[in-house]
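Q: Fold the stuff below for me.
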Amino acid sequence: MAGHSGELKISFYRGGLRLAFKDGRLVEIEPWQPTPEGEGDYGDAGFGDLTFLQLLFGYRSMDELDYAFADCWASGDKGRPLIDALFPKCHSNIWPVS
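A: I've put the predicted structure just below:
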């Protein structure tokens, strides 16, 4: 999604994030409050509980989360391509903080 301008709204159901892009660069991240489905703006992607962390750290792809968890979704027009580009499945090395 090179050169993308627009926004991506990610719902965690009780809260969410709005990511703004301009010319392919992330220019703003801010808290965002989704509305219930069918009542307005519920975002471009949704993740229940802590499932987003599996995507964030590369443990699972969006397709895998969509298959394993009924409350994980991404809209096809904008959400799915951006989520796939921003959070690819990959190996990660996470160190505990002590």
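
Q: all strands for this structure, in order.
A: Taking DSSP state E, the strands of the chain run over residues 6-11, 16-22, 25-32, 45-46, 73-74.

Q: could you point out where this structure is predicted with low confidence?
A: Applying pLDDT under 70 to the chain flags the ranges 1, 37-38.

Q: picking up where we left off before, so which of the strands of the chain is the most packed in?
A: Ranked by average neighbour count under the criterion mean count of other Cβ atoms under 10 Å, the strands of the chain are headed by strand 45-46 at a mean of 24. To be clear about C-beta, it is placed using only N, CA and C from the backbone, and glycine gets the same treatment.

Q: re earlier: of all the strands of the chain, which one comes closest to N93?
A: Across the strands of the chain, N93 has its closest neighbour in strand 25-32 (22.9 Å, Cβ to Cβ).

Q: got a list of what the closest residue to R80 other than its chain neighbours touches?
A: In space, and not counting its chain neighbours, R80 is closest to A74: 4.3 Å by Cβ to Cβ, 6 or more residues apart in numbering. For A74, the set of contacting residues under the criterion of Cβ atoms under 8 Å, 6 or more residues apart in numbering consists of D44, A45, G46, M62, D66, R80, I83.

Q: Check F12 too.
A: G46, F47, G48, F52.

Q: With adjacent residues omitted, what lies nearest to the second one?
A: Nearest residue to F47 in three dimensions, chain neighbours excluded: C72, at 5.4 Å (Cβ to Cβ, 6+ apart).

Q: The last one now?
A: Setting aside the residues directly before and after it, F52 is nearest to F12 in space (Cβ to Cβ, 6+ apart), at 6.6 Å.

Q: quick one: that neighbour from D49, how far?
A: 8 Å (Cβ to Cβ, to the nearest Å).

Q: and what of Y67?
A: Y67 sits 16 Å away from D49, going by Cβ to Cβ.

Q: quick revisit: wait, which of the strands of the chain is closest to L56?
A: Distances from L56 to each of the strands of the chain were compared using Cβ to Cβ; the shortest belongs to strand 6-11, at 10.3 Å.
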